[in-house]
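Trainee: Prediction below, plus the sequence it came from.
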Amino acid sequence: MKKNAITPLQPLQPADVRPAPLKVGDDSHNHGSVRDIQEVEIVRLSPEELERRHEKARVDARRRAKVRNIISHFWTTVGVALAVFIAIFALMPIVLTILDSFMSTDEIKTNYSAVYNSLSSAAAETKTYLSSTPKLKMIPDFVSFSQYKTLLFLSPTYLLKFWNSVALVVPIVLGQITVGCLASYSFSRYRKKRREVLFFSYVILMLMPFQVTLVPNYLIANKLGIYNTWWAIILPGIFSTFSVFLLSKYMRQIPSSYIEAAKLDGANEWQIFTRISLPMCKSAVYAMAILLFIDYWNMVEQPLILLEDASKQPLSVFLSQINASEVGVAFAASFIFMVPPLLIFLYGEQYLVEGISRSGIK
Amino acid sequence: MAAHEYNPEEVRKRRIKGRRKRNFREWCIFTGYLTPSLLGVLLFFFGPMLIVLVQSFQRSATNSEFVGVDNYVHVWNNQAFQSAAKNTLIFAGLAVPLAVLLSLLLALLLSSKIPGKSVFRSIMLNPMMVPVASIVLIWQVMFSYNGALNTYMGWFGIDKIDWMKSNWSRLVILILFLWKNLGYNMVLFISAISAVPAEQLESAKMDGANAVRRFFSIKLPYLWPTIFFVGIMSLINSFKIFREVYLLTGDYPVNALYMLQHFMNNMFSHLDNAKLTAAAIIMCIAMIIIVGALFIAENRLGRDTEE
């Protein structure tokens, strides 16, 4: 700006010939900052002086930019370090489980026996604490597939439990998605007062923890004579309202102009449902399927209460019971149990992220 | 008279009739789509819930004598129920705010200008997908008395702590909860943060507002709905912590970890119908109150941001 003050056309004034100091006046009633600059001198500078000052300003700006740059680099580094730290924390248990699944059974026993001895409650109070010196190695000395061999070929129980898990989860996921899509289409298209009340009661039901819903489930399973069968878990699972809640949130975001246009073209409701609503919330349906899969793959509460026979229990419950006695194969079993969800995650991560992201926005 | 003569009354009637017919057809179609779900929900949830409500006023499953609120009083005064309710509430009271706060911070971190965001996001979302049962072994190795954590602490001369058998177990369970749930909440927050209008942030920056000020004055009002959503999801998930507790410590954990689900499991195994149903109804009411309060709070705050 200063450079513009003196245009090249203007004859330069010598530095010592200055215009009279500008008096701002004696405003004694004003005690603000104006008093501090009562006399303002307009100084015409020589070109050399100007150039010098410009240079100084440039250097200053550059220095400030550098400092700012360093600060922002610093914060980026801190951010990345923090993120790396959290990422390590997030991944560590998974990686360790995988690594440990390649330890031989003997190696696990020598490494972790101290841990698991203290776990069994009988030994807990005795002096095993003092005598055992833990030898904790997280990384196997040499890779061994002995755990997998035992697991896959010598003990059919694990495969059976694995199959139990699959047989429970797949019908629930497919069923709940189907029922949920139909119901949420209805809720999104027909929005009358009474229907909204019903929808709200669905939401309340979705929010109920297992501790509440298991009691009615148990009662009805007894009444229908399906207690201690897989149906006692599968049927309530299919009609659980979690997917209705999230999917109708999506379907309500579909612009009504799309549906009006389809109607004008002569589409009936079924066509609108299958050709417009479903394709438009494809990612939500996938995300829902993934969430449901992991939730039911993980289930512990329902099988504990609704299934009496140990032979019908899924792997999630069974894994907790093998820890102490057969710790040698437990890591491999854990890893095999975590493979299906992880594969699904790798395959469907973008749908999952997209689905979760949009569910939060109203 | 000729049929085509204009009769306003007649036309109006016919129009109303037509509308009614159309409305009824619409109702039929959409109720048809809802039917499978509605039947299932009535049969497996709402219907039995009514039975539960009725039975909670009866002496037992076999003896249907009406006893008023006796069952409720019994459950309410039951020591085990009280400690279970206390533990569950303490856990939820700690876990939900922490989950919201930490996942918001994580989301802010991943929304800032750092490289490799999507990689970090995937990694942090990973714990959500890992079944609890698979990861329990490693947590045991970490936290058992002779476990890794105590050994490492020993190197620095810190005394061993019996993580799973003392009040520290609350902390352990809290860490497991956060480990599992932060990723999901974080994704919700990241999308909410990216939905904040960029122009407003930009102009605030021009006006010289620093990052903290920009967060509290601009981002936060846009984030309230998500904060409540995350809070409610975390609350639901905090009731599922029983899985971790059960898989880590079995049927009989230390007192600090005795959750409502343990109490229910006990009642189930004793087939104590009266207590079971009364406890379920009490929990149901408590849940409705908590969620209702959250909804009301959300409405209040939501109105503030709209003004």
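Mentor: Perfect, I can see it now. No experiment lies behind these values; they were computed from the predicted model shown.
Trainee: now the strand or helix carrying A:F200, how far from the centre of its chain.
Mentor: A:F200 belongs to helix A:193-207 when assigned by DSSP states H and E. For helix A:193-207, the separation from the chain centroid amounts to 26 Å (computed by CA atoms, centre = their mean, to the nearest Å).
Trainee: got it, and stretch B:130-149?
Mentor: For stretch B:130-149 - counting by CA atoms, centre = their mean - the centre lies 25 Å from the chain centre.
Trainee: hmm, that stretch touching chain A?
Mentor: Yes. Using CB under 8 Å from any CB of the partner chain, we find that stretch B:130-149 touches chain A at B:130-142, B:144-148. Bear in mind the C-beta positions are built from the backbone N, C-alpha and C, glycine included.
Trainee: still on that earlier bit, could you dump the helix holding A:F200 to CSV, C-alpha only?
Mentor: Provided in CSV are the C-alpha atoms of helix A:193-207 (Å, rounded to 0.1, in the frame of the first residue of the first chain):
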residue,chain,number,x,y,z
LYS,A,193,-49.9,-39.8,12.9
ARG,A,194,-50.8,-43.3,14.2
ARG,A,195,-48.1,-44.9,12.1
GLU,A,196,-45.5,-42.5,13.6
VAL,A,197,-46.6,-43.7,17.1
LEU,A,198,-46.0,-47.2,16.0
PHE,A,199,-42.6,-46.2,14.6
PHE,A,200,-41.7,-44.6,17.9
SER,A,201,-42.5,-47.8,19.8
TYR,A,202,-40.2,-49.6,17.3
VAL,A,203,-37.5,-47.2,18.3
ILE,A,204,-38.1,-47.8,22.0
LEU,A,205,-37.9,-51.5,21.4
MET,A,206,-34.7,-51.1,19.5
LEU,A,207,-33.2,-49.2,22.5
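Trainee: I'd like the average pLDDT over that helix.
Mentor: Here helix A:193-207 scores 87 as its mean pLDDT.
Trainee: Tell me the buried residues in it?
Mentor: By 16 or more other CB atoms under 10 Å in any protein chain shown, the buried positions in helix A:193-207 come out as A:195, A:199, A:202-203, A:205-207.
Trainee: wait, what's in contact with the residue in the stretch 201-307 of chain B that chain A sits nearest to?
Mentor: Closest approach between the stretch 201-307 of chain B and chain A, counting by CB to the nearest CB: B:F239, at 3.5 Å. Contacts here follow CB atoms under 8 Å, 6 or more residues apart in numbering or on different chains; on that basis B:F239 touches A:209-211, B:88, B:92, B:260-261.
Trainee: Tell me the helices and strands packed up against the helix or strand where B:V212 lies.
Mentor: Using DSSP H and E, B:V212 falls within helix B:211-214. Applying 3 or more CB pairs under 8 Å, 6 or more residues apart in numbering or on different chains; DSSP states H and E, we find helix B:211-214 packed against helix B:198-206.
Trainee: And the average pLDDT for the helix it packs on is what?
Mentor: 88.
Trainee: Repeat that for stretch A:355-362.
Mentor: 71.
Trainee: again, but for stretch A:211-222
Mentor: 88.
Trainee: restrict the buried residues of helix A:193-207 to those near chain B?
Mentor: Within these, those near chain B by CB under 8 Å from any CB are A:195, A:202, A:205, A:207.
Trainee: which of the residues you listed sit farthest apart?
Mentor: A:R195 and A:L207 (19.1 Å; CB to CB).
Trainee: show me the contacts for B:L174.
Mentor: So B:L174 contacts B:91, B:94-95, B:98 (CB under 8 Å, 6+ apart).
Trainee: Using TSV, lay out the residues you listed together with secondary structure and pLDDT.
Mentor: Below are the contacts of B:L174 laid out as TSV (DSSP: H, G, I helix; E, B strand; the rest coil; pLDDT from 0 to 100):
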residue	secondary structure	pLDDT
B:F91	helix	92
B:L94	helix	93
B:A95	helix	94
B:L98	helix	95
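Trainee: Could I have the PyMOL command that selects the buried members from these?
Mentor: Command for PyMOL that selects the buried part of the contacts of B:L174, burial taken from 16+ other CB under 10 Å:
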select buried, chain B and resi 91+94+95+98
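Trainee: show me where pLDDT drops low in chain A?
Mentor: Chain A contains residues with pLDDT under 70 at A:1-41, A:110-111, A:113-138, A:322-327, A:360-362.
Trainee: Please spell out which residues along the helix holding B:V212 are buried.
Mentor: Residues B:R214 are the ones in helix B:211-214 that count as buried (16+ other CB under 10 Å).
Trainee: outside of the very next helix or strand once past it, which residues touch it?
Mentor: Per DSSP H and E, the first helix or strand lying C-terminal to helix B:211-214 is helix B:220-238. Contacting residues not belonging to helix B:220-238 are listed as A:207, A:209, A:359-362, B:91-92, B:95-96, B:99-100, B:103-104, B:177, B:180-181, B:184-185, B:188-189, B:192-193, B:195-197, B:290-291, B:294, B:297-298, B:301-302, B:304-305 [CB under 8 Å, 6+ apart].
Trainee: Any of those residues buried? List them.
Mentor: Buried, going by 16+ other CB under 10 Å: A:207, A:209, A:359-360, B:91-92, B:95-96, B:99-100, B:103-104, B:177, B:180-181, B:184-185, B:188-189, B:192-193, B:196, B:291, B:294, B:298, out of those.
Trainee: Among these, name the ones in helices.
Mentor: By the criterion of DSSP state H, membership of those in helices covers A:207, A:359-360, B:91-92, B:95-96, B:99-100, B:103-104, B:177, B:180-181, B:184-185, B:188-189, B:192-193, B:291, B:294, B:298.
Trainee: Break down the stretch 1-150 of chain A into its helices, ranges please.
Mentor: When assigned using DSSP state H, counting those that start in this stretch, the helices of the stretch 1-150 of chain A occupy the ranges A:2-5, A:47-100, A:105-119, A:121-124, A:128-131, A:146-149.
Trainee: right, is the longest one up against chain B?
Mentor: Looking back up the chat, that one is helix A:47-100. Yes. Using CB under 8 Å from any CB, we find that helix A:47-100 touches chain B at A:72, A:75-76, A:79-80, A:82-83, A:86-87, A:89-91, A:93-94, A:96-97, A:100.
Trainee: Tell me which residue in the stretch 51-200 of chain B sits closest to chain A.
Mentor: B:S191 (3.4 Å).
Trainee: Report how many residues lie close to that residue.
Mentor: B:S191 is flanked by 20 other residues according to other CB atoms under 10 Å in any protein chain shown.
Trainee: Now do the same for it: its pLDDT.
Mentor: For B:S191, pLDDT reads 89.
Trainee: Contact partners for the nearest residue to it once chain neighbours are set aside?
Mentor: With CB to CB, 6 or more residues apart in numbering or on different chains as the criterion, B:S191 has its nearest non-adjacent residue at 3.4 Å, and that residue is A:S357. Going by CB under 8 Å, 6+ apart, A:S357 touches B:187-188, B:190-191.
Trainee: any chance of those residues in a markdown table, with distance to B:G154 too?
Mentor: Shown next, in a markdown table, are the contacts of A:S357 (distance: CB to CB, whole Å):
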| residue | distance to B:G154 |
| --- | --- |
| B:V187 | 38 |
| B:L188 | 40 |
| B:I190 | 39 |
| B:S191 | 44 |
